[in-house]
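Novice: Okay, predicted coordinates and the sequence, questions at the end:
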Amino acid sequence: MDTHGRPPARDAAKDRDRPGDPDRPEDFAPTDFDTKNFDRRRRARNWAVLAVLLGLSVLFYAITLVKMSKSG
């Protein structure tokens, strides 16, 4: 803030060099990444989520069986 309580002026040079600037279409070019590695990690993450969901389902089922057998 300056002495009058206003924020500092924006730096036009920084704004010009920021990524995604419409004046610089090369920033919109797709980036190269390893699709094989990406798919492998996604598949591994999906299996982990499946394992967690199945584990919770089995846990809830077991808790239900135990509660039903003790109460009735």
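Specialist: Sure, I can see it.
Novice: Give me the below-cutoff pLDDT ranges for this structure.
Specialist: Within the chain, the ranges that satisfy pLDDT under 70 run 1, 11-32, 72.
Novice: Distance check, H4 against R10.
Specialist: 17 Å (CB to CB, to the nearest Å). For the C-beta atoms, the positions are set from N, CA and C on the backbone; glycine is no exception.
Novice: ugh, typo on my part, it should be L59
Specialist: From L59 to R10 the distance is 55 Å (CB to CB).
Novice: Kindly report the same for T35.
Specialist: 38 Å.
Novice: could you show me where the helices are in the chain, in order?
Specialist: 12-16, 35-71 (DSSP state H).
Novice: Export these as a markdown table, with columns for mean neighbour count.
Specialist: Converted to a markdown table, the helices of the chain look like this (neighbours: other CB atoms under 10 Å):
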| stretch | mean neighbour count |
| --- | --- |
| helix 12-16 | 8 |
| helix 35-71 | 10 |
